[in-house]
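coordinates only, no sequence provided:
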Ligand code: SF4
Ligand code: SF4
């Protein structure tokens, strides 16, 4: 039944009539159809109820004539029946559906990064000047043996006797998180691959396979995912990679699968995922060959088998309640790397209820996992990568000091490419050419420029990390890893300090 | 609790070096025979890979008992090896397999042909759960029954259409999320199929079921359509192959294609390529 | 030190674990040694991780068959601890015999506790006289397990015993010399892949209450609901494992309430509502009532269990069969296992091998096998 929508607009568009010369750039730029040109009056107008606040038109208006601001009108203020609830109920009353959204959780909840402060050397030991002295960020990800057996021959040459597990070497402890070709455009996907390759780190294919034309060029800097949908998964895909990641879950939607709607399954996506054009690409909630921890072990070793034990296997989970115990089981099941995605982690589409209500903050999850693995004496058997809302280099430093080996960045990388966090990825109409398969829109992102932006971000954060390390008197990132002595909490309760394993400021 | 407990890896800890187990192999021409008695999963696959690298194109495995991933570590594009198995292969037989042929003289366990890419698996017996999961190419023939979630999320792409033929019956969730491929369930030894939720979430491919099955046994995403001439031809071809593989090996020598084809067939196809398009609001 | 969490604390973390299970029964009642099950468990070694293995055996103490056989582990070398337990047992029971459980010093296990067994008859006094023998034993065992630190009774049935610890099953078998020391007509075994509390011998499985034992594979998602319901009936979960909860549920439903396993199986793994809606009226009413009354004991999420008590061995999976089970038989021998290969490893030429439907029990009874099909149709 067609009914009148009761929803209020979310944004208001202010067009400065003085500046606007009706050039129609905004009409062209807006994929949501907000701006239109009226032949009769010869003027541009807007339907602001359609605006998602992506700010594309504002940036591209040649005359700076536009302002997109939050809609000032609202219902009678109510701290309990917040506008968002009213809005969602109205939407559901009009459609009867699950509310879909994207990006990471936007809800107000304690951000532990912001309650942790870093240390610096004063008097008792010197800080180091990172601009002039060596400052090392090189990181190895993978299983390490308990000890090294060596043999000395008569010439004094050392021979390593211990068989080492495959490890990944990266030049900064930052990797691009799994974002599939399908969720993001080819150009966005390629931008990240290029930036990773140039910087000496890794990108992650997400669960949508690896385009054939990229396999040879990017095989050494790709973590290829094996997710529940097994899209684009064949032995070649696994063998053209630096590592394999089993994706169990994702912070934005722990415990559920997902699907790429049929209209996004274009010809090239269909050939990458190896499914027919136009069909929904459904990712089941679980892997149907993993219903328990010993099944995980079975898949880990299947992947080691198919790659002849040449690649590390990473297992990615969403941070959930029993994360420490689960992580321990993952390591014991044979995972070389474990990736933990906090509830702020982003996504191209998720039911809002999952995004806002399921999972736990990655800071707490990380602290618990690292501590648990140490208690069990198996921390060296795996590396830990954390992701889910890493916003700046300080978050990276804090994560590493809490115990991570490296971090995944997804949202931050997309913001570098142009994303403005409008949370409309699931519509497939991303104005910035990132989360879209519309050829016209994807064209807006030139992979060369995208790669440059993403590379710059890696460079900038790496420099900042070095700055902070120098301040602490540390010149190799490994000395920060798990070094919680360099962290202090502010505004945290006793139990929170305990979980984080850090002291309060002044203690 | 803080108890430090050794990490023990049951998969790797007992693995011996190749030279310690090489005696299990017996090469004759291009055929390698391996006695799998007492070999761990990895050891057996180490030996199989070694044999293929040394030029074997036929491998006969004796006394297999639970070893997993047979056929998985043979990613040699362009190469095609035939593996014969005596005993009971373990889980994930032929997982990710790329173009080889496996014949099992006996039963198989869970995950036969999991995410298999190309090749053929013939099981002269029954198989466990998730047979042909996410399979994307090649053919699998199971003589008898299969377990739960058979052909779950099988997919096809253009000329790559996986085929699964089951001589017996299946348990629940046959063809769940199926996205492509052909499944033929013959029900040769059962009066009535017992599986429920057949084809739930199906959005591609086709399932043919021979014998009695009630509409309530199907998931709501599948529709029953008439068998066309073309379908009969396709099914008949598969039945011929089935009988070729199994006649005299557990299937009556005298069973003819016509007799099998004489039963009623039900053809299931997805109602939509987009089963879940309408449950969301933006 | 065994770290016990207060039983009423709702905030405990549950153990998450998975594993391999195996059971074998001679339905003629003939007793056989442990070689078979040990070999079968070895075959499935990769399903565990060496952090727990255990066995339950029925028919091992014919000379004391009328006495409750208490297997006790002492986590501490403290002689006072054993004395405290001895005194408690002598005070509350007539102890006809007690001895150290024989073990193999050479076995590849780390830090085994001291193991002792007592063959006892209840000595009920005062208020306790109202209790049945079984309830009395349960009560006293519970007392030791919750009130005496570092002592733990892990087996308490008549003419049967549980043997378990930290290690792969074959190592535990070696430690307790199961192959040579014991003969039984039912053997069940468990290999553990725990992700929690790895180092405690008492944490291994099977779990035992009287002569009921449970081995289990999977992680159930209804644990909190099940546990809190059982607490209303006086069961206090001390181990925080799914196995313990299932064992108590079995005890409540089968021993105390007298329901047959066929019905209990349908409480744990009931038919779906859409199936119930299609049943004839009588059946529909029965299943609807069953689901209404016992909703808190629906065991949700993946599980395969092998439940045993004297005369009966039962294999059961959850209703959508998220965990594997294979059954096989050869003459009077009945097998249930996580994998067929493990059965084949010890009995290559089975008469029959099959995979039961989810939620449909495989039941082995002394010379009376009721098959799944008969139960359901
Ligand atoms: S381009 Fe974006 S901000 Fe501008 S009007 Fe369109 S939706 Fe609104
Ligand atoms: S990727 Fe595009 S659609 Fe998604 S939040 Fe960013 S700007 Fe919006």
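Noted; the coordinates are in hand. Here the structure is a predicted model, which means the values were calculated and not measured. Ligands and ions are numbered 1, 2, ... in the order given.

domains of chain B?
B:1-85, B:106-270 (automatic domain parsing).

quick one: is the longest one near chain C?
Yes - residues of domain B:106-270 contacting chain C under CB under 8 Å from any CB of the partner chain: B:107, B:109-110, B:126, B:128-129, B:145, B:147-148, B:171-173, B:194, B:196, B:216. All C-beta atoms are positioned from the backbone trio N, CA, C, and that covers glycine.

so how far is the least confident helix or strand in chain B by mean pLDDT from its chain's centroid?
Using mean pLDDT, DSSP states H and E, the weakest-scoring helix or strand in chain B turns out to be strand B:280-281, at a mean of 78. Put simply, strand B:280-281 sits 37 Å off its chain's centre (CA atoms, centre = their mean, to the nearest Å).

identify the residues contacting it?
A:91-92, A:94-100, A:351 (CB atoms under 8 Å, 6 or more residues apart in numbering or on different chains).

how far does stretch A:40-47 sit from the chain's center?
The answer for stretch A:40-47 is 40 Å, by CA atoms, centre = their mean.

mind listing what's buried along that stretch?
A:44, A:46 (16 or more other CB atoms under 10 Å in any protein chain shown).

one step back: now list the buried members of the contacts of strand B:280-281.
A:91, A:99-100, A:351.

which of these fall in helices?
Among these, DSSP state H puts residue A:91 in helices.

can you redo the buried ones among the contacts of strand B:280-281 as a markdown table with pLDDT and distance to residue B:15?
Below are the buried ones among the contacts of strand B:280-281 laid out as a markdown table (pLDDT from 0 to 100; distance: CB to CB, whole Å):
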| residue | pLDDT | distance to residue B:15 |
| --- | --- | --- |
| A:91 | 93 | 57 |
| A:99 | 92 | 51 |
| A:100 | 90 | 48 |
| A:351 | 91 | 44 |
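
farthest-apart pair in the buried ones among the contacts of strand B:280-281, please.
A:91 and A:351 (12.9 Å; CB to CB).

now list whatever residues contact both of the two.
residue A:99.

so what's the residue count around residue A:21?
11 (other CB atoms under 10 Å in any protein chain shown).

what residues does it make contact with?
residue A:63.

so what's it scoring on pLDDT?
pLDDT for residue A:21: 94.

doesn't residue A:65 make contact with residue A:58?
No - at 9.1 Å, residue A:58 does not count as touching residue A:65 under the criterion of CB atoms under 8 Å.

and those two? Which one has more around it.
Neighbours per residue (other CB under 10 Å) separate residue A:58 from residue A:65, with residue A:65 holding more: 21 against 18.

what residues does chain A have near ligand 1?
A:13, A:29-30, A:32, A:34-35, A:51-57, A:68, A:431 (CB under 6 Å from any ligand atom).

low-confidence stretches in chain C?
Scanning chain C for pLDDT under 70 picks out the ranges C:1-18, C:195-199, C:368-377.

which residues touch the residue of it found nearest ligand 1?
Closest approach between chain C and ligand 1, counting by CB to the nearest ligand atom: residue C:221, at 41.8 Å. Going by CB under 8 Å, 6+ apart, residue C:221 touches C:300-301.

which residues in the stretch 101-250 of chain C form helices?
C:133-147, C:169-176, C:178-181, C:223-232, C:242-250 (DSSP state H, counting those that start in this stretch).

what is the neighbour count of the residue in the stretch 51-200 of chain B positioned nearest to chain C?
Chain C sits closest to residue B:66 of the stretch 51-200 of chain B, with a gap of 3.0 Å, by CB to the nearest CB. Residues lying near residue B:66 (other CB under 10 Å) number 27.

give me the residue from the stretch 51-200 of chain B nearest ligand 1.
Closest point on the stretch 51-200 of chain B to ligand 1, by CB to the nearest ligand atom, is residue B:179, at 34.0 Å.

OK, contacts around that residue?
So residue B:179 contacts A:275, A:279, A:282, B:153-156, B:202-205 (CB under 8 Å, 6+ apart).

most packed of the domains of chain B?
Highest mean neighbour count among the domains of chain B (mean count of other CB atoms under 10 Å in any protein chain shown): domain B:106-270, with a mean of 21.

looking at it now, give me its mean pLDDT.
Mean predicted lDDT for domain B:106-270 stands at 95.

could you do stretch B:46-54 as well?
97.

for chain B, what are the nearby residues on chain C?
Residues of chain C lying close to chain B by CB under 8 Å from any CB are C:3, C:43-51, C:110, C:166, C:168, C:197-200, C:272, C:274-275, C:278, C:320-321, C:324, C:326, C:339-342, C:344-345, C:353-355, C:357-358.

where do the strands of the stretch 151-300 of chain C begin and end?
C:151-155, C:160-165, C:186-194, C:207-209, C:212-217 (DSSP state E, counting those that start in this stretch).

that older thread, next, give me the two most distant ones among the contacts of strand B:280-281.
A:94 and A:351 (17.1 Å).

and residue C:329, that one's in a strand?
Yes - with DSSP: H, G, I helix; E, B strand; the rest coil as the criterion, residue C:329 is located in a strand.

and it, what are its bridge partners?
residue C:334, residue C:352 (DSSP bridges).

spit out the contact partners of it.
C:335, C:350-353, C:369.

buried among those? Make that a PyMOL selection.
Only the buried entries of the contacts of residue C:329 go into this PyMOL selection, using 16+ other CB under 10 Å:
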select buried, chain C and resi 335+350+353
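
export the contacts of residue C:329 to CSV and tack on distance to residue B:25?
Shown next, in CSV, are the contacts of residue C:329 (distance: CB to CB, whole Å):
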residue, distance to residue B:25
C:335, 32
C:350, 29
C:351, 34
C:352, 34
C:353, 30
C:369, 43
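
which one of the contacts of residue C:329 is nearest chain A?
residue C:335 (19.7 Å).

look up how far chain B lies from the closest one.
13 Å (CB to the nearest CB, to the nearest Å).

ok, residue B:132 - contacts?
Residue B:132 touches B:112-114, B:116, B:140, B:150-152, B:154, B:162, B:164, B:181, B:183, counting by CB under 8 Å, 6+ apart.

which ones among those residues map onto helices?
Reading helices off these, I find no matches (DSSP H).

the strands in the stretch 51-200 of chain A, which residues?
A:66-70, A:98-101, A:116-118, A:139-141, A:150-152, A:158-160, A:168-170, A:174-176.

the fourth one: how far from the chain's middle?
Read it as strand A:139-141. So, by CA atoms, centre = their mean, the centroid of strand A:139-141 is 19 Å from its chain's centroid.

which strands or helices does that strand pack on?
With contacts defined as 3 or more CB pairs under 8 Å, 6 or more residues apart in numbering or on different chains; DSSP states H and E, the secondary structure elements packing on strand A:139-141 are strand A:168-170, strand A:383-387.

could you give the mean pLDDT of the last one?
Think strand A:383-387. pLDDT averaged over strand A:383-387 gives 98.

tell me if stretch B:32-43 is near chain A.
Yes - Stretch B:32-43 reaches chain A (CB under 8 Å from any CB) through B:41-42.

state the distance from residue A:212 to residue B:87.
As defined by CB to CB, to the nearest Å, residue A:212 lies at a distance of 39 Å from residue B:87.

looking at those two, which one has more neighbours?
Set residue A:212 next to residue B:87 and count neighbours by other CB under 10 Å: residue B:87 wins out with 22 against 14.

give me the beta-bridge partners of that one?
Bridge pairing for residue B:87 - DSSP bridges - gives residue B:64.
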